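Chemist: pasted the sequence and its predicted model underneath.
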Amino acid sequence: MCAEIARLKQQMVFAPKTSSELFEQMVKQCRKRTTKKGANKLETRRIRTLECIKSATRFAAGKLKNVALKSPFVEDLHPFFRELLEISVNIEDYKSCASRVYSASKLINRIGRGYIIKVKRSQKTDEIVRFEREFFGRTYSILKDIEDCLSTVRNFQVTFQNLPDIDVSLPTVIIAGAPNVGKSSLLRRLSRAKPEVKPYPFTTKELIVGHLEHLLGKIQLIDTPGLLDSPLEEKKNVERKAVIALKHISNLVLFIVDPTETCGFSLDYQKKVLETVRSIVSCDVWIVLNKADIASPSHVENFKKKFNINEFFIISAEKGVNIDKLKNEIIEYFQNRNAKI
C-alpha cells in the first residue's frame with residue numbers, strides 16, 4: 001500500500017493555481033503554431049489558425065483531463081488515508097470539482113472541434129481571425145467558470161501529496177499517550193527516525209514513521225500527536241490523526257506514561273487518556289512507564305496504585321534504559337503473532 005500511495009503521488013497532474021495560468025499556457029501553445037505557408041494569404045492564415053486552435057485545444061483539454069483522472073479516486077483509498085484526507089479537505093466538494101474539471105476538458109474539446117470546422121469552411125481572412133478570437137474567448141470563460149474548482153482540486157492534491165509514507169500492510173506499532181510523555185524520544189530510540197523532540201507539549205503535530213528492522217523483516221513504528229482527555233467527537237485535527245492511526249492500522253499500542261507527572265498531566269488524567277485509547281483499538285495495549293532515570297520508587301508505586309496494574313515496562317527513552325529489552329519484546333510479539341496466522 002505504501003508503494004501504491006507513492007505511485008498515486010507520482011502520477012498526479014497538479015491543477016494550475018489559477019485559470020489565468022492555464023489560459024496563458026494555452027496562448028503560448030498557440031504561438032508555437034506552424035510557419036507553413038499556403039498558396040495565398042487566406043490559406044496561410046487558415047493553416048496557422050488551425051494549428052493554433054488544435055494545439056491550444058489539445059493542451060488545455062488534455063491538461064484538465066489529466067488533472068481530473070490522474071488524481072486519486074477517494075473510494076479506492078484505504079480508510080486510514082481517506083480519513084486523514086477528510087481532516088483537511090471536503091471530500092464531496094473535491095469529487096464534485098474533479099467531475100466539473102473533467103467536463104470542462106470535454107467542453108473545450110468540443111468547442112475546439114467546432115471552430116476547426118468553421119475555420120476550414122471560411123473564405124475570409126477577417127472571419128478566420130474572428131473565429132480564433134471567439135475560440136479563446138469562450139475557452140477563457142470556461143476556465144474562469146471552474147476557477148474555484150481548480151483551487152479545490154489543487155488543495156486536495158497538495159494534501160494528498162503530504163500524506164505520511166505509511167505502509168498499512170506492515171505490522172504496525174502505534175506509540176500513544178498524553179502530550180510530552182516521551183513518545184517521540186522513544187521512537188528515536190527504537191528506530192532511525194528523527195522526530196523533533198522539545199521539552200513542551202504538542203511538539204508532534206503529524207504522524208511520524210520509523211522502522212524496527214529484524215531478521216525476519218521490519219516493523220513499522222508510528223509516533224502520534226499527544227492525546228487529551230476529551231470526547232472523540234470534540235478532538236482537534238491534530239489529535240484526530242492519532243485516533244485515525246489507532247483505529248485503522250494498529251497491531252500493537254505502546255501507551256507511554258509519565259509517572260513523574262513532569263509532562264504536565266496527572267496520572268489520573270493519563271489514565272483517562274488510556275481508557276480512550278482502549279475504547280478505540282481492538283489490539284493489545286502495552287503500558288510503558290517512561291522517565292525511569294528520574295522516577296523514584298514512590299512515583300512507580302503511585303502509578304501502580306492509580307492504574308491498578310502490575311504488568312508494565314519501565315524505560316528511559318532519554319537515557320536508553322531498557323530500550324533493547326522493549327525492542328526484543330516487540331519483535332518476539334510479532335514473530336509469535338505470525339506463527340499463529
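Modeler: Yep, it's here.
Chemist: so, low pLDDT: which residues of the stretch 51-200 of the chain?
Modeler: 193-200 (pLDDT under 70).
Chemist: now the helices for the stretch 101-250 of the chain?
Modeler: Along the stretch 101-250 of the chain, counting by DSSP state H, counting those that start in this stretch, helices occupy 125-145, 147-161, 183-190, 237-249.
Chemist: and those helices, which is most packed in?
Modeler: Most buried of those by mean neighbour count (mean count of other CB atoms under 10 Å) is helix 183-190; its value is a mean of 24. Placement of C-beta: from N, CA and C, glycine included.
Chemist: counting contacts, what elements does that helix pack onto?
Modeler: Helices and strands touching helix 183-190, by 3 or more CB pairs under 8 Å, 6 or more residues apart in numbering; DSSP states H and E, are strand 172-177, strand 208-214, strand 217-223, strand 252-257, helix 323-340.
Chemist: could you export the ones you listed as TSV, including mean neighbour count?
Modeler: Formatted as TSV, these follow (neighbours: other CB atoms under 10 Å):
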stretch	mean neighbour count
strand 172-177	27
strand 208-214	18
strand 217-223	21
strand 252-257	25
helix 323-340	14
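Chemist: which one of the ones you listed lies nearest to residue 291?
Modeler: Closest to residue 291 of these is strand 252-257 (CB to CB; 9.1 Å).
Chemist: relative to strand 172-177, how tilted is that closest one?
Modeler: 20 degrees (axes from the mean of the first three to the mean of the last three CA atoms, to 10 degrees).
Chemist: so what are the sheet partners of strand 252-257 and their directions?
Modeler: Here strand 252-257 is paired, per DSSP bridges, with strand 172-177 (parallel), strand 284-289 (parallel).
Chemist: check which residues of the helix or strand following the last one are buried.
Modeler: Spelled out, it's strand 284-289. As assigned by DSSP states H and E, the chain's next helix or strand after strand 284-289 is helix 297-307. By neighbour count on 16 or more other CB atoms under 10 Å, the buried set for helix 297-307 is 299, 300, 302, 303, 307.
Chemist: my guess is the fourth one contacts residue 257. True?
Modeler: Yes. Applying CB atoms under 8 Å as the test, residue 303 and residue 257 come out as touching, 6.5 Å apart.
Chemist: joint contacts of these two?
Modeler: 267, 289 (CB atoms under 8 Å, 6 or more residues apart in numbering).
Chemist: rewinding a little: how about the buried residues of helix 297-307 in a markdown table, adding distance to residue 25 and pLDDT?
Modeler: Below are the buried residues of helix 297-307 laid out as a markdown table (distance: CB to CB, whole Å; pLDDT from 0 to 100):
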| residue | distance to residue 25 | pLDDT |
| --- | --- | --- |
| 299 | 64 | 97 |
| 300 | 66 | 97 |
| 302 | 66 | 97 |
| 303 | 63 | 97 |
| 307 | 62 | 96 |
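Chemist: could those residues go into CSV alongside distance to residue 322?
Modeler: Formatted as CSV, the buried residues of helix 297-307 follow (distance: CB to CB, whole Å):
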residue, distance to residue 322
299, 16
300, 13
302, 20
303, 16
307, 18
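Chemist: now, which of these sits nearest residue 66?
Modeler: Closest approach between the buried residues of helix 297-307 and residue 66, by CB to CB: residue 307, at 54.8 Å.
Chemist: ok, now which ones touch residue 139?
Modeler: Applying CB under 8 Å, 6+ apart, the residues near residue 139 are 23, 26, 56, 60, 108, 111, 112.
Chemist: thought the first one was touching residue 138?
Modeler: It refers to residue 23. No. Using CB under 8 Å as the test, residue 23 is too far from residue 138 to be in contact (11.6 Å).
Chemist: which element is the residue lying closest to residue 303 once chain neighbours are set aside on?
Modeler: The shortest distance from residue 303 to any residue other than its chain neighbours is 4.1 Å, reached at residue 259 (CB to CB, 6 or more residues apart in numbering). In this structure, residue 259 is located outside every helix and strand according to DSSP H and E.
Chemist: so how far is residue 307 from residue 259?
Modeler: Relative to residue 307, residue 259 is positioned 9 Å away (CB to CB, to the nearest Å).
Chemist: could you do residue 37 as well?
Modeler: Distance from residue 37 to residue 307, by CB to CB: 87 Å.
Chemist: ditto for residue 152
Modeler: Residue 152 is 47 Å from residue 307, by CB to CB.
Chemist: output stretch 23-33 as PDB, restricted to C-alpha atoms.
Modeler: Output of stretch 23-33 as PDB, limited to C-alpha atoms (Å, rounded to 0.1, in the frame of the first residue of the first chain):
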ATOM      1  CA  PHE A  23      -5.100  30.200 -20.200                       C
ATOM      2  CA  GLU A  24      -1.600  31.800 -20.600                       C
ATOM      3  CA  GLN A  25      -0.100  28.400 -21.200                       C
ATOM      4  CA  MET A  26      -2.800  27.800 -23.900                       C
ATOM      5  CA  VAL A  27      -1.900  31.000 -25.600                       C
ATOM      6  CA  LYS A  28       1.800  30.000 -25.600                       C
ATOM      7  CA  GLN A  29       0.900  26.800 -27.300                       C
ATOM      8  CA  CYS A  30      -0.900  28.800 -30.000                       C
ATOM      9  CA  ARG A  31       2.200  31.000 -30.500                       C
ATOM     10  CA  LYS A  32       4.100  27.800 -31.300                       C
ATOM     11  CA  ARG A  33       2.000  27.400 -34.400                       C
END
